[in-house]
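K.L.:
this one's structure only:
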């Protein structure tokens, strides 16, 4: 994919290409964070503050990037993060995201707020598809959704736990966010199109306030565990004590996430809490992490801190907006090239050779 008169060289190039192609409602929905957007910036800055302490003379030429996540083989420790309403930024939406990801056999997490049926996305995917779940007030809707997820062949449920209410997102209010006419949430068959905004809020806030279960608690995790055979991932965990309790509740993985800086703006950056969560889990479950990961070096830092895999959202959205499935495939190719170079420079023959001693300053 080209940026002006040259090929895209980094994930940052895709946003520069995407923004002029998007209407302001769509661009600011994806680009924005909560309140003053401090955490949006801090997520990226935290990865940058850590350095890598490379090993030398390890005889590494062509490192292996392969790994497994919840038993599913992946070509590198990256998943596309769940992102809603992808047809807002490209006509082929989630199917194009799946097709571009399939170019490398990669995996993705499909949002509950998908504008494409999960069955279509699963059919377009050569790698694993995990399903991100919000719990609705009506348990019958949740049961129906989980049954569809299982029938579609998705490999896990990724339960978002950090959204009792929608964060204070000024950009969505300014632009009166809602879906364009003719679009709807395809993964939720019991609902029609997203409602138009109520006065003083976005359509997203209106929808969530009317339909989501706002008093979600640990009993709901136990209930979900009882109605599905799929592994459950809890996404939105930032505390070591919550991570330990999640494993006790039957979670197969924890995703360290602050919702991309879109919920509590005063929360910590994900990299800053990742080692403590890893230590609390103590190998009893996988640990995933998202939030501000933009380079191959960030992926190495995440794995060195103890993560099993990373999730990347906005850069893949900008790649989709820039050139559909081909743009997404280009973003994956850039990441793979960077990660291979970074592993070689760190003296690691593969993902399993990454360890905490690569982080500098040293982590306890």
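P.N.:
That came through, no problem. Computed from a predicted model, the values in this text were never measured in an experiment. Numbering: from 1, shown residues only.
K.L.:
which residues does residue 109 contact?
P.N.:
For residue 109, the contact set (CB atoms under 8 Å, 6 or more residues apart in numbering) comprises 79-82, 129-132, 158, 311. In this view, the C-beta of every residue, glycine as well, is placed from N, C-alpha and C.
K.L.:
Let me know the closest of these to residue 214.
P.N.:
Lowest distance from residue 214 to these (CB to CB) belongs to residue 132, with 18.0 Å.
K.L.:
Give me the nearest residue to the closest one, chain neighbours excluded.
P.N.:
By the measure of CB to CB, 6 or more residues apart in numbering, the closest residue to residue 132 outside its immediate chain neighbours is residue 82, 3.6 Å from it.
K.L.:
Likewise for residue 175?
P.N.:
Spatial nearest neighbour of residue 175, excluding adjacent residues (CB to CB, 6+ apart): residue 25 at 4.7 Å.
K.L.:
same thing with residue 313?
P.N.:
Excluding its sequence neighbours, the residue lying closest to residue 313 (CB to CB, 6+ apart) is residue 81, at 3.5 Å.
K.L.:
next one: residue 56
P.N.:
Closest residue in space to residue 56, ignoring its immediate chain neighbours: residue 347 at 6.1 Å, by CB to CB, 6+ apart.
K.L.:
Count residues in the vicinity of that neighbour, would you?
P.N.:
By other CB atoms under 10 Å, the residues close to residue 347 number 16.
K.L.:
Hmm, it is touching residue 54, no?
P.N.:
Yes. Counting by CB atoms under 8 Å, residue 54 is a contact partner of residue 347 at 6.0 Å.
K.L.:
ok, which stretches of the stretch 101-250 of the chain are strands?
P.N.:
Using DSSP state E, counting those that start in this stretch, the strands of the stretch 101-250 of the chain run over 107-110, 129-133, 157-160, 232-237.
K.L.:
one step back: please, which helix or strand holds the residue nearest to residue 132?
P.N.:
Per DSSP states H and E: residue 82 is located in neither a helix nor a strand.
K.L.:
and the lengthiest helix in the chain, which residues are buried?
P.N.:
Longest helix in the chain, counting residues (DSSP state H): helix 314-345. By neighbour count with 16 or more other CB atoms under 10 Å, helix 314-345 contains the buried residues 314-332, 334-336, 338-340, 342-345.
K.L.:
And the contacts of the helix or strand that that helix is followed by?
P.N.:
Following helix 314-345 in sequence order, the next helix or strand is strand 359-360 (DSSP H and E). Residues outside strand 359-360 that contact it (CB under 8 Å, 6+ apart) are 50-53, 301, 304-305.
K.L.:
Format the contacts of residue 109 as TSV; extra columns: neighbour count, distance to residue 11 and pLDDT.
P.N.:
Below are those laid out as TSV (neighbours: other CB atoms under 10 Å; distance: CB to CB, whole Å; pLDDT from 0 to 100):
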residue	neighbour count	distance to residue 11	pLDDT
79	28	15	98
80	29	12	98
81	26	13	98
82	23	18	97
129	26	22	98
130	28	21	98
131	28	25	97
132	25	21	97
158	28	22	98
311	29	14	98
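K.L.:
can you list those in TSV and add distance to residue 118?
P.N.:
Formatted as TSV, those follow (distance: CB to CB, whole Å):
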residue	distance to residue 118
79	16
80	14
81	16
82	12
129	8
130	11
131	7
132	11
158	13
311	18
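K.L.:
Quickly name whichever of these is closest to residue 9.
P.N.:
Within these, the smallest distance to residue 9 is 20.4 Å, found for residue 80 (CB to CB).
K.L.:
which one of the contacts of strand 359-360 is nearest residue 267?
P.N.:
Among these, and counting by CB to CB, the member closest to residue 267 is residue 305, at 17.7 Å.
K.L.:
hang on, the earlier thing: common neighbours of residue 347 and residue 54, please.
P.N.:
In terms of CB under 8 Å, 6+ apart, residue 347 and residue 54 are not both contacted by any residue.
K.L.:
re earlier: tell me the spacing between the residue nearest to residue 56 and residue 158.
P.N.:
Computed as CB to CB, to the nearest Å, the residue 347 to residue 158 distance reads 33 Å.
K.L.:
picking that back up, list the contacts of the residue nearest to residue 56.
P.N.:
54-58, 60, 353.
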